[in-house]
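Asks: predicted model follows, preceded by the sequence.
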Amino acid sequence: MDHFVYRGGALYAEDVAIADIAATVGTPFYVYSTATLKRHFSLFDDALSWGDHLVCFAMKSLSNQAVIKVLGDAGAGMDVVSGGEYLRARAAGVPGGRIVFSGVGKTADEMRLAIEGGIRQFNVESEPEMIVLDQVARSLGVVVPITVRVNPDVDAKTHAKIATGKSENKFGIPISRAREVYAMAAKLPGLKVIGIDVHIGSQLTELAPFEAAYNKVAELTEQLRADGHEISRLDLGGGLGIPYARSNEAPPLPTDYGALIQRTVGHLGCEIEIEPGRVISGNAGLMVSKVLYVKSGEDREFLILDGAMNDLIRPAMYEAWHDIVPVIEPAPGAEPATYDIVGPICESGDTFAKGRDMPAVQADDLVAFRSAGAYGAVMSSEYNSRPMIPEVLVDGDQFAVIRPRPTYEEMIGRDTLPPWLE
Ligand SMILES: *Cc1c(COP(=O)(O)O)cnc(C)c1O
């Protein structure tokens, strides 16, 4: 489902050779495919075409302006989790009416900024947050539409750091207390309850946890309506997973996910929102890196790359598995090798893969990390004073740098000395 394929012995992004991008921008870098982004968005848009819906891209997975513009122009809404993301969406031309504001710790300033700029709805996560939002709305003389995020207490069966729908997680209000909290919301004059929000985690590879959560949402919808609340919109969150390893079983298809939504909540006549992030951006991006050295250890070989954990933190942070492939297509029957694939950073956590079988490569060869579009560039840092790596967008046979690599001077120049040290 992506546009990164070998052609004539070399890896391409759409109609652009990865090696040509590397020659222009240097390594490491991220590269995204416009066609893949658009295709993924329209798969979800189509999967919900049985009813009124909006696919809100979870911007936290990949928030470059060019990417947001591609998706926004295709008709996507945006799910934002900070004032910065809200302003990024607006700067890329996404109308406020297509932006939903999620997150467990919105500040009053962020609420004000989004209300003034225009917002589709706030997904409220607690009673104290509700009280602050009500105060901000009233101070601005408006009534803001809200959903309340409920925590359905289902096990998403994913990595603990990205599970959000169990009662021990910090997200949402317990579904058992939902009626009480909606009753309170209904009394706040600055807020208008319009629906329910749920998001149970990320990188879910089966539909069963979604089904359990959406059935609970359907039941709650009927209860809340019986209590007199208007429930006309259901935000069903994001979280659908992607296959990181080619050998893995394929995660659920968008059409099956859309059919599940129709089956569980379709009869309620609500407008449906979903907030997919990774499943849209993940396979739309690669991180490309160069082999610096092949180093022989006591009992293993290390592939030392110029990319590191500051550029792509997922393996270090979530024990994530990324397919790592040579940019020159290996000849059939090429010599296999087994490597510990590492970056240059001074800690052992800077390891992308241990004991990885892949075609043999040598110094100066390029390798590509597949499925690096989501939670890659957005989580990168300048740890070890390694300048942020560039992002590149491909569209057909064109490519452009969409975030340049800072020079060393620019990176160092961001620090300032206090007057007494000047
Ligand atoms: C992270 C997040 C998403 C997106 O999750 P993916 O796994 O990338 O689809 C959607 N909604 C909320 C509230 C989130 O926190």
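Replies: Everything's here; your move.
Asks: now the helices for the stretch 201-350 of the chain?
Replies: 208-226, 254-265, 278-281, 314-318 (DSSP state H, counting those that start in this stretch).
Asks: equivalent analysis for the stretch 1-150 of the chain, please.
Replies: Using DSSP H, counting those that start in this stretch, helices in the stretch 1-150 of the chain cover 18-25, 34-47, 65-73, 83-91, 108-117, 127-139.
Asks: quick one: buried residues of the longest one?
Replies: Counting neighbours by 16 or more other Cβ atoms under 10 Å, one finds that the buried residues in helix 34-47 are 34-41, 43-45, 47. Placement of C-beta: from N, CA and C, glycine included.
Asks: same question for the fifth one.
Replies: Taking 16+ other Cβ under 10 Å as the basis for neighbour counts, the residues of helix 108-117 that come out buried are 110-115.
Asks: CSV for these, including pLDDT and distance to the ligand?
Replies: Below are the buried residues of helix 108-117 laid out as CSV (pLDDT from 0 to 100; distance: Cβ to the nearest ligand atom, whole Å):
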residue, pLDDT, distance to the ligand
110, 98, 15
111, 98, 16
112, 98, 21
113, 98, 19
114, 98, 15
115, 98, 19
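Asks: quick one: the residue nearest to residue 81 when sequence neighbours are not counted from the ligand, how far?
Replies: Leaving out its chain neighbours, the residue that sits closest to residue 81 by Cβ to Cβ, 6 or more residues apart in numbering is residue 103, at 4.0 Å. Separation of residue 103 from the ligand (Cβ to the nearest ligand atom, to the nearest Å): 7 Å.
Asks: next, count neighbours for the closest residue to residue 325 other than its chain neighbours.
Replies: Residue nearest to residue 325 in three dimensions, not counting chain neighbours: residue 368, with 5.4 Å by Cβ to Cβ, 6+ apart. Residues lying near residue 368 (other Cβ atoms under 10 Å) number 21.
Asks: packing partners of whichever strand or helix holds residue 368?
Replies: Element membership of residue 368, judged by DSSP states H and E, is strand 366-369. In terms of contacts (3 or more Cβ pairs under 8 Å, 6 or more residues apart in numbering; DSSP states H and E), strand 366-369 is packed against helix 18-25, strand 285-296, strand 324-326.
Asks: what's the shortest one in contact with?
Replies: Read that as strand 324-326. Applying Cβ atoms under 8 Å, 6 or more residues apart in numbering, the set of residues contacting strand 324-326 from outside is 11, 341, 352-353, 356, 358-359, 361, 365-370.
Asks: take those residues and write them to CSV, including pLDDT and distance to residue 259.
Replies: Listed next are these as CSV, based on pLDDT from 0 to 100; distance: Cβ to Cβ, whole Å:
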residue, pLDDT, distance to residue 259
11, 98, 35
341, 98, 39
352, 98, 37
353, 97, 36
356, 96, 37
358, 95, 37
359, 95, 39
361, 96, 43
365, 98, 44
366, 98, 41
367, 98, 38
368, 98, 34
369, 98, 32
370, 97, 28
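Asks: contacts with the ligand among those residues, please.
Replies: Among the contacts of strand 324-326, not one lies near the ligand by Cβ under 6 Å from any ligand atom.
Asks: how about those in a markdown table, adding distance to residue 243?
Replies: Converted to a markdown table, the contacts of strand 324-326 look like this (distance: Cβ to Cβ, whole Å):
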| residue | distance to residue 243 |
| --- | --- |
| 11 | 18 |
| 341 | 19 |
| 352 | 18 |
| 353 | 16 |
| 356 | 17 |
| 358 | 17 |
| 359 | 20 |
| 361 | 23 |
| 365 | 25 |
| 366 | 23 |
| 367 | 19 |
| 368 | 16 |
| 369 | 14 |
| 370 | 10 |
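Asks: picking that back up, so the residue nearest to residue 81 touches residue 82, yeah?
Replies: Yes: using Cβ atoms under 8 Å, residue 103 is in contact with residue 82, at 6.6 Å.
Asks: report pLDDT for the closest residue to residue 215 other than its chain neighbours.
Replies: Nearest residue to residue 215 in three dimensions, chain neighbours excluded: residue 264, at 5.5 Å (Cβ to Cβ, 6+ apart). Residue 264 is assigned 98 on the pLDDT scale.
Asks: residue 264 touches residue 212, doesn't it?
Replies: No: applying Cβ under 8 Å as the test, residue 264 and residue 212 come out as separate, 9.4 Å apart.
Asks: quick one: which of those two has more around it?
Replies: The neighbour comparison of residue 264 against residue 212 (other Cβ under 10 Å) goes to residue 264, with 20 against 17.
Asks: which residues touch the more buried one?
Replies: By Cβ under 8 Å, 6+ apart, the neighbours of residue 264 are 211, 214-215, 217-218.
Asks: any quick PyMOL command for the buried ones out of those residues?
Replies: The PyMOL command for the buried members of those (criterion: 16+ other Cβ under 10 Å) is given here:
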select buried, resi 214+217+218
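Asks: list just the nearest of the contacts of residue 264 to residue 292.
Replies: residue 211 (47.0 Å; Cβ to Cβ).
Asks: is it true that the closest one touches residue 260?
Replies: Yes: using Cβ under 8 Å, residue 211 makes contact with residue 260 at a distance of 5.9 Å.
Asks: what about residue 287, how many neighbours?
Replies: By the criterion of other Cβ under 10 Å, residue 287 has 29 neighbours.
Asks: give me the pLDDT value at it.
Replies: 98.
Asks: bridging residues for it?
Replies: residue 30, residue 369 (DSSP bridges).
Asks: can you tell me how far the residue in the stretch 301-422 of the chain positioned nearest to the ligand sits from residue 258?
Replies: When scored by Cβ to the nearest ligand atom, the stretch 301-422 of the chain has residue 374 as its residue closest to the ligand, at 5.9 Å. Residue 374 sits 20 Å away from residue 258, taking Cβ to Cβ, to the nearest Å as the criterion.
Asks: can you list the domains in the protein?
Replies: Per automatic domain parsing, the structural domains of the chain span 4-31+282-413, 63-276.
Asks: can I get these in a markdown table including distance to residue 419?
Replies: Listed next are the domains of the chain as a markdown table, based on distance: least, Cβ to Cβ, whole Å:
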| stretch | distance to residue 419 |
| --- | --- |
| domain 4-31+282-413 | 17 |
| domain 63-276 | 29 |
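Asks: is it true that residue 10 touches residue 16?
Replies: No: with contact defined as Cβ under 8 Å, residue 10 does not reach residue 16; the gap is 10.6 Å.
Asks: so for the two, which sits in the more crowded spot?
Replies: Neighbour count, other Cβ under 10 Å: between residue 10 and residue 16, residue 16 has more, with 19 against 15.
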